[in-house]
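Enquirer: Take this sequence and fold it.
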Amino acid sequence: MSQSPLVASAGQVDGYAIAWAALNKLLRRGYSWSGREANCAFLNLGGGRFAHVAAASGFDFLDDARATALCDWDGDGDLDVWSTNRSGPRVRFLRNDQASANAHVTLELVGTRSNRDAIGARAELELRGAGGARRALVRGVRAGEGYLAQSSTRLTIGFPRGATLERVHVVWPGGRREEFRGVEPGGAWRLVEDSGRAERRQLARASTLVPTTPVPPPATLAARVVLVRPVPLPRLELVAEDGGELALFGLGPNGEPSGTGKPLLLNLFATTCAPCAGELDGFARHRDELERSGIAVLALATEPRSELARVQAFLAQRGWPFPWATAAPATLEFLDALQSVLLDREQRLPLPTSFLVDARGAVRVLYFGPLTAERLVADRALLELGEGALLEAASPFPGRWMFPSLPADADFLETRLRARGLEAAAREYARGRFAVVQSSPAELLQDFARRAAIDGRLEEAEAHFRRAHAQDPRHFGVLFDWAVVVHRQERLAEASELYAKCLTLRPEDVDTRFNLALAQLGLGRREEAERQLRWLEPRAPDVARTLAEALAGLPGGK
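Expert: Got it, this is the predicted structure:
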């Protein structure tokens, strides 16, 4: 791959930026950054020689790979691999099941005078072979390696089974050397700075994240995308069955959407599309279930107005029981642009494609490829979820969110739609950018602060939080977001104080209790953190379990 210049030459600044913009456009259109080169893996043969073993080791995927991280995920004494890709799958897990007679030790270094994670420390193992020959194995704890990667800070070190492990030394950050006694092969050991004695650790066995046999690729490119936040629809122009013009949805003067009053599935189809025909047949067969669910179905033909008679005959042949219309060219262009913006790609909509729209006129779910009536009825429940619960439903795995609210989409959508020449839709979204004036001054300043924090402008964010707090000292959201920003900067005493103020407003808030406990742990106030744990245990067991694990991982933990 050619190298990017570190400094733009005079007169080439515009060309440099244009080249990057063109490259990003190609990536959004599905091209590979590296030309779909297979991943490589090399075996060190010694003496400066290496063997290419990607195929034998299972690394030779055609992924557009970015980063790898190593860890002993299943606790069996060998290193497994996580990789991330720009293409799908976004994350791969490769479990190391290679048979080996070697021994190993796992070392978890804990700093007391040094940093807690012992970043920069070096473990040295002194070995004596069966013939008496001595050798040393050295491993370091690093804060990162490779491209945007962080491997486990636990050091898993393998060595020949016949070798004797004689000594283990740790050179702590700063250069101080310490010997640790009690380390034996085949186990995991915790080495705490200044203790001189290894503590045996029992590592949890992680579950397998991949099937044991390969799964064949799907026959179609069908996908279901639950949006983390509803996206209101602007006015959509349609052509009715009788050839008359009609319109759906629209954004009001303050950016508020105008819905139909009930959930609606917009289903794009073509009369020449075989999967579309099968999907429509399925909807027709399950008419009763769909009507009971309260979801209206509107079939939108992608053919031009001149083909109305053919579309009508096609639907009559299927016994289509629901309304239908033809999408105007501007409507098709907008829907194509919308999915392109939301998925950050520049690929045309496949057929069939469906949009599940709530009663207020906002898109909640995108479906690419054939959709079943059963899936649609099941997704009806998504329309009742609030922002936080919808965020969880849209995520492929559970987690905790530092920023429960997301920045507005209006300005982003406006810019991208205008670039596609969709001026009318862009103007409707522009109205939404001004709806915030209806908020209180504190909420307006809180929104400014969040945007600054997300962009990494932390000093500016705090200035906005202070002003917002002055406007409304009892605004819980302002205090909580402010505390999170301070917490991220590891100003733990200030964060604890802000979390405590949050609890005076909402004593039952689980997230505040959890974050306060983490800040107290960082300050060494174990008893105060344990008090929060006792409060959380009967009220939020999953959160309490996470906090208990954090407590157990500290010196003196159980």
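
Enquirer: residue ranges of the helices in the stretch 401-550 of the chain, please?
Expert: Secondary structure of the stretch 401-550 of the chain (DSSP state H, counting those that start in this stretch): helices at 410-419, 423-432, 441-454, 458-471, 476-488, 492-505, 510-522, 526-536, 541-552.

Enquirer: Which among those helices is found nearest to Thr84?
Expert: Among the helices of the stretch 401-550 of the chain, helix 441-454 comes nearest to Thr84, with 21.5 Å by Cβ to Cβ. Using the backbone N, CA and C atoms, a C-beta is placed for each residue, glycine as well.

Enquirer: by contact count, what packs against the worst-scoring helix or strand of the chain on mean pLDDT?
Expert: Within the chain, no helix or strand scores below helix 387-394, which has a mean of 75 by mean pLDDT, DSSP states H and E. Judged by 3 or more Cβ pairs under 8 Å, 6 or more residues apart in numbering; DSSP states H and E, the packing partners of helix 387-394 are strand 223-232.

Enquirer: Buried residues in the strand it packs on, which are they?
Expert: Neighbour counts over strand 223-232 (16 or more other Cβ atoms under 10 Å) mark 226-227, 230-232 as buried.

Enquirer: Excluding sequence neighbours, find me the nearest residue to the residue sitting nearest the centre point of the chain.
Expert: In the chain, the residue lying closest to the centroid (Cα atoms, centre = their mean) is Ser395, at 7.0 Å. Nearest in space to Ser395, with sequence neighbours left out and distances taken as Cβ to Cβ, 6 or more residues apart in numbering, is Val228 at 7.9 Å.

Enquirer: And Glu414, by the same measure?
Expert: Glu414 sits nearest to Tyr429 (Cβ to Cβ, 6+ apart), 4.4 Å away.

Enquirer: close enough to count as contact, the one you found and Arg418?
Expert: No - contact criterion Cβ atoms under 8 Å: Tyr429 and Arg418 do not qualify, at 9.3 Å.

Enquirer: who has more neighbours, these two?
Expert: The neighbour count for Tyr429 versus Arg418, taken as other Cβ atoms under 10 Å, is higher for Tyr429 (25 against 15).

Enquirer: On the pLDDT front, check that one for me.
Expert: We have a pLDDT of 83 for Tyr429.

Enquirer: Could you list the domains of this structure?
Expert: As assigned by automatic domain parsing, the chain contains the domains 64-209, 223-394, 410-552.

Enquirer: Distance from the longest one to the middle of the chain?
Expert: In terms of Cα atoms, centre = their mean, to the nearest Å, the centre of domain 223-394 is set 26 Å apart from its chain centre.

Enquirer: The shortest one too?
Expert: A distance of 19 Å separates the C-alpha centroid of domain 410-552 from that of its chain, computed with Cα atoms, centre = their mean.

Enquirer: Next, the buried residues of stretch 291-311.
Expert: With burial defined by 16+ other Cβ under 10 Å, the residues of stretch 291-311 counted as buried are 293, 295-303, 308, 311.

Enquirer: I meant to write stretch 187-194 there.
Expert: Within stretch 187-194, the residues that count as buried by 16+ other Cβ under 10 Å are 188-193.

Enquirer: Send me it as CSV with only the CA atoms.
Expert: Coordinates of each C-alpha in stretch 187-194 appear next as CSV, following Å, rounded to 0.1, in the frame of the first residue of the first chain:
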residue,chain,number,x,y,z
GLY,A,187,-1.5,-21.9,36.4
ALA,A,188,-2.4,-18.2,36.6
TRP,A,189,-0.6,-16.1,39.2
ARG,A,190,-1.1,-12.6,40.5
LEU,A,191,2.1,-10.6,41.1
VAL,A,192,1.5,-7.6,43.3
GLU,A,193,4.3,-5.0,43.5
ASP,A,194,6.3,-5.1,46.7
